[in-house]
Every structure is written in C-alpha cells, then in structure tokens.
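Engineer: quick one: sequence plus predicted model below, questions after.
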Amino acid sequence: MKNSNAFKKGTLILLVLSLSFTSCSNDEATDPDPQSQDTTEVQRSAEIDQIDNVLGDLVIDAYEAQESSETGRTTYNGDIPDCVTITVVAQQGYRQITLDFGSEGCLVNEHLIQGQIIFDYTRDPEAQEITINYNLVDFYFDAKNVIASRTILKELSNDNGNPQFTHDLSITVIWPNGLQASREGTRIREWVEGFGSGVFSDNVFEITGDWTATFVNGNTHTYEVIVPLRREVICYYFVSGSFDVQRTNFGGIFDFGDGACDNQATFTFNNGTEIPITLN
C-alpha cells in the first residue's frame, strides 16, 4: 500500500558548523600558509557536519511522523516542508519511506536539496530498539554530491530514560570544484526534553560522539565531543558544548559558549591562542 504525506514547514535545523575565519580566503585561494590551509579543511569538515545534521533531522522527522500517525498516541508535528514528496510503502511489519526532493530541488531550511532519501525499518511498537536503514539516490546538498548508505539505531529509552538515536556517519561528499572528503564515525543524539509532548518548539537534544574526516590529499582530522553539544530547536545553533579537533601540526578546542542562542563561538589552538568564530 502506498500513501503520500506532506509535512508542514518548521524551523528545525541542527548545527550549521561552517566556520567564518576572516583571515581565510575562498575556494580558489592559493595561500601557502599551513594554518590557513588547515582551517580551510576544518571548514570543509564542518560542511559535512551540516549535511549529517540535516540528513539525520529529515530521516528522524519522517520516521517519528509516520509512527505517530500509525499509533495515534501523540500528534508529532514534523519539520519536512511541503515541497518534499513523501511516499510510504506499508507491508506487515515493514515500512519503506521515500523522501523525494525532485530533480530541480527543494529548499529545506535554506538549503537546496535534490534527489531522494529512501529508508526502511521493521515495525514493532513494542521493540526497545529499531534500526533505520537509509540510502541516498542522486542526492545533492547545495550542489555538493553526497554519497551514503547508513543506519540510525533508535533506542526507546537509554540509561537516562530518554529516547536516543545513534547515527552511523559513513559518508562521502564531492564539491562542485572536485574536492572530495569522507567521514567515518558515530554520533549519538539524546532527546533530553520535549519527547512525547507533540509540541515542536520544546524539543532539546544533546549530541556526543567522535568521527574522522579524510581528504583526498591524505590529510585526516579527528573530532571528539568533550562537552555534550546542546541543541534547542528554537535556536539555529548549538547553545553550548565543545569538541576537540586534531590533525598533524594542528588542533584545538571548538567551544559554543555557555547557553546563549547566538552565532558566536571560539576556537582555542593547542598553543593556547584563542580566536573568535562566527557561525554562518
């Protein structure tokens, strides 16, 4: 059986981690300074973070909305805009859901997305864990080609009694200019406030995990969350938390601050030098 669903627009966006270093130049820059090159790669890795976050939002939103419509226990108001065509294939104990953004693309929280996300899961309302498998088909995010076949493990209740989503971060991104980078790792999203209320605006998540970004030139960056990243859905940015970034001859701590909803953060290099960061 197939059903088409359209979910109304919301304001949810996870972290836009893109860094605005005023000393850095654009894609065509040839600045030989090693630190400039290093921070440019951090920016590229941050763009992959951004893609990861939006992908996770879309899959989880569609999953929660589908389950809400089937159980009738709560009304979940998702964040998928009307320009996305959603098709559900329902069989006994199985669901396949396609999010189709079209060949011309659809604006999702100011990002142009093209192609499809197709995910499936075995439906069991009593299960404590559900594995959601998803694939990207001819998928582009702001003109960047994204290649991924991944999983999200949903736990109904973690050790804190909260729903939790563990994301496989395996992904390859190809920029329009041919630059390519891959990401491997795990990110855990704990739903710490607002679950089950049916009110979109009160949701709060905390993010932990670690991952590695590898570029075609062989450079590798490692990332580890050291203070959980707090995401309040009424704010476009993480309001607090920090993660450690390391690679050869380069590294530091990226910190989102102490709870204010703004686009300001700091990066402290391993040598103690601190610079302000403006998030795009």
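Structural biologist: Done, it's in. Numbering: from 1, shown residues only.
Engineer: direction included, what does the strand or helix carrying L229 pair against?
Structural biologist: Assigned by DSSP states H and E, L229 belongs to strand 220-232. If you go by DSSP bridges, strand 220-232 pairs up with strand 204-215 (antiparallel), strand 240-247 (antiparallel).
Engineer: now whichever strand or helix holds V54 against strand 240-247, angle please.
Structural biologist: Under DSSP H and E, the secondary-structure element containing V54 is helix 34-71. Going by axes from the mean of the first three to the mean of the last three Cα atoms, to 10 degrees, helix 34-71 is angled at 130 degrees with respect to strand 240-247.
Engineer: what is the next helix or strand after helix 34-71 packed up against?
Structural biologist: Sequence-wise, the next helix or strand downstream of helix 34-71 (DSSP H and E) is strand 85-91. Counting contacts by 3 or more Cβ pairs under 8 Å, 6 or more residues apart in numbering; DSSP states H and E, strand 85-91 is packed against strand 2-5, strand 94-100. C-beta here means a position set from N, CA and C on the backbone, and glycine is covered the same way.
Engineer: confidence-wise, which of the ones you listed is weakest overall?
Structural biologist: Across the helices and strands packed on strand 85-91, strand 2-5 has the smallest mean pLDDT, namely a mean of 40.
Engineer: what separates L107 from Y134, distance-wise?
Structural biologist: Per Cβ to Cβ, to the nearest Å, L107 is found 21 Å from Y134.
Engineer: higher neighbour count, those two?
Structural biologist: Just comparing L107 and Y134: by other Cβ atoms under 10 Å the higher neighbour count belongs to Y134, 23 against 12.
Engineer: the more buried one against V59, yeah?
Structural biologist: Yes - using Cβ atoms under 8 Å, Y134 is in contact with V59, at 5.5 Å.
Engineer: which residues are in contact with each of these two?
Structural biologist: Contact criterion Cβ atoms under 8 Å, 6 or more residues apart in numbering; residues shared by Y134 and V59: I117, F119, I152.
Engineer: doesn't the last one belong to a strand?
Structural biologist: Yes - counting by DSSP: H, G, I helix; E, B strand; the rest coil, one finds I152 located in a strand.
Engineer: show me which residues of the helix holding V54 are buried.
Structural biologist: Buried residues in helix 34-71, counted by 16 or more other Cβ atoms under 10 Å: 38-68.
Engineer: what angle sits between that helix and strand 94-100?
Structural biologist: 130 degrees.
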